[in-house]
Every structure is written in structure tokens, then in C-alpha cells.
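Q: Need coordinates for the following:
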Amino acid sequence: MNALLGPIDDDGRIPPTQQTRIAAFLMSAHGAQARQLVTTMPMRLRQPWHIELHAQYCREMEILSLIMHSTSWVPDPQLPFLLWQWETTWMPRPMQGAGDHFHGLLVDMAALGHAIHAGIRPAALLPEGVAPFDPFVLAMRRIEFESGRLLQAQILFLKGPQLVEVRNEVADAVERRHDQVRELWTSMLKGLNVVAE
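A: Reported below is the predicted structural model:
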């Protein structure tokens with residue numbers, strides 16, 4: 001097992017098989033977040049939190065576009081099974097104890113986003129000597145940067161005054177989503193002979 005991606009080729013590029021698997025995982029996770037965001041946004045943006053949901057959705061779509069266009073895709077026969085497993089995990093699960101179904105979904109969506117943006121660090125897997133201007137390398141670094149920005153909004157919501165009465169339930173929802181994301185990310189990397197730190 002390796003601690004980083006690679007071995008890189010003579011031009012400093014990550015192997016396409018690793019690019020494909022990592023990109024597919026990221027597209028599945030960020031795609032799930034984008035789908036959940038779009039289903040919670042109202043048709044007209046009237047409240048400050050409507051604007052925030054819209055901004056997060058746009059950033060997620062930017063991440064998806066970046067992954068799609070920067071990856072050297074190759075066939076991966078394991079992806080159909082892996083995608084089914086990943087997509088099943090991302091399905092909405094309203095938080096227990098929420099005042100209503102919609103708020104339970106909002107908390108779960110923010111918890112999933114928190115887990116994705118805090119728990120997945122693709123740029124940390126890039127080895128020394130990697131081509132600094134390779135599209136895939138640049139995309140992984142950009143995704144990690146954007147994840148830091150998105151994480152702040154999720155923290156503000158999850159720790160906001162509107163959830164004070166269900167703070168323990170919120171913490172449980174966040175922990176559950178973090179465990180799921182960590183387990184899938186670690187398993188996916190092991191399939192590439194990489195050990196996540």
C-alpha cells in the first residue's frame with residue numbers, strides 16, 4: 001500500500017486508472033450534494049438562506065464540471081458496482097428529532113456536505129514531482145480550496161441558533177455522515193492501493 005497516488009509517469013501525471021476512480025467518487029459525492037441542494041431551493045430567492053443554497057449549488061456544479069473536464073477517463077469495470085454503493089449511501093435521510101420533514105432533510109444535507117468537504121482531501125494524495133499544471137492536479141487542488149469555503153457555510157447552519165434545541169441530534173447526524181464518507185473514501189482508495197491518512 002502507498003500513502004500517495006502514483007507512481008506518476010515521466011511527465012508527472014497521475015495514472016488514468018486512479019484519476020478515473022477518484023473522479024468518479026468525487027462526482028458521485030458532489031453530484032449528490034448538488035441534487036439535494038437543487039431540490040431544497042425555492043423557485044424564487046427571497047430569504048438570505050435561499051441565496052446561500054443557490055451559491056452552494058453553483059459551486060457544486062462548478063466542481064462537477066471541473067472534474068469532468070480535467071480527468072483522463074479510462075474504462076473501469078468496477079465502477080457500476082461502486083457507483084451503486086456510493087449513490088445508495090448519499091440518499092437523503094432526514095435527521096431524527098427535527099421539527100418537520102423539510103428541516104430534517106436540510107440538516108442531513110448540511111451534514112453530508114460537511115462530511116464531504118471536511119473528510120475528502122484529494123490534493124493531500126498528490127505525490128511530490130507531480131506536474132503542477134496538469135489539469136487533474138489543478139482540479140484536485142481547486143476542489144480542496146472550494147471545499148474549505150463551502151464548509152464554512154455548513155458549519156454556520158449546523159451550529160446556528162435555529163438548531164439549539166436539537167443540538168445532540170444534529171451532532172449525531174453529522175457524525176453518522178462523517179463515518180459514511182470516511183468509510184467509502186478509505187475503501188475506494190484501498191482499491192487503488194492507497195492508504196488514506
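Q: Tell me, what's the model's pLDDT at the residue nearest the centre of the chain?
A: The structure's the chain has its C-alpha centroid closest to Ile116; by CA atoms, centre = their mean the separation is 3.5 Å. Looking at Ile116, its pLDDT is 97.
Q: give me the element it is part of.
A: helix 101-119 (DSSP states H and E).
Q: Please enumerate residues in contact with that helix?
A: With CB atoms under 8 Å, 6 or more residues apart in numbering as the contact definition, helix 101-119 has outside contacts at 29-30, 32-33, 36-37, 40, 56, 90, 92-96, 98, 147-148, 150-151, 154-155, 157-158, 163, 166, 169-170, 173-174, 176-178, 180-182, 185. Just so you know, the C-beta spots here come from the backbone N, C-alpha and C atoms, and that holds for glycine as well.
Q: what's the answer for stretch 83-94, then?
A: Residues from elsewhere that reach stretch 83-94 (CB under 8 Å, 6+ apart): 24-25, 28-29, 32-33, 36, 101, 104-105, 107-109, 112, 180, 184.
Q: do that again at 7 Å, thanks
A: 24-25, 28-29, 32, 36, 101, 104-105, 108-109, 112, 180, 184 (CB atoms under 7 Å, 6 or more residues apart in numbering).
Q: what do you get for stretch 167-185?
A: So stretch 167-185 is contacted by 86, 89, 95-97, 107-108, 111-112, 114-116, 119-120, 158, 163, 196 (CB under 7 Å, 6+ apart).
Q: Could I have the buried ones of these as ChimeraX selection syntax?
A: To isolate the buried members of these in ChimeraX, using 16 or more other CB atoms under 10 Å:
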select :86,89,95,107,108,111,112,114,115,116,119,120,158,163,196
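Q: Give me the neighbour count for Arg44.
A: 7 (other CB atoms under 10 Å).
Q: and the residue nearest to it when sequence neighbours are not counted, what element?
A: The shortest distance from Arg44 to any non-neighbouring residue, by CB to CB, 6 or more residues apart in numbering, is to His50 (7.9 Å). Taking DSSP H and E as the criterion, His50 maps to helix 48-70.
Q: Poorly predicted segments of this protein, please.
A: For the chain, applying pLDDT under 70 flags the ranges 1, 197.
Q: quick one: the residue nearest to the centre of the chain from Arg177, how far?
A: For Ile116, the distance to Arg177 equals 8 Å [CB to CB, to the nearest Å].
Q: for Ala131, same thing?
A: Ala131 is 34 Å from Arg177, by CB to CB.
Q: Those two - which one has more neighbours?
A: Shown here are Ala131 and Arg177; by other CB under 10 Å, Arg177 has more neighbours (25 against 16).
Q: The more buried one looks like it's in a helix, true?
A: Yes - under DSSP: H, G, I helix; E, B strand; the rest coil, Arg177 falls within a helix.
Q: which of the contacts of helix 101-119 count as buried?
A: Buried members of the contacts of helix 101-119, counted by 16+ other CB under 10 Å: 29-30, 32-33, 36-37, 40, 56, 90, 93-95, 98, 147, 150-151, 154, 157-158, 163, 166, 169-170, 173-174, 176-178, 180-181, 185.
Q: in this protein, which spans are strands?
A: With DSSP state E as the criterion, the chain has no strands.
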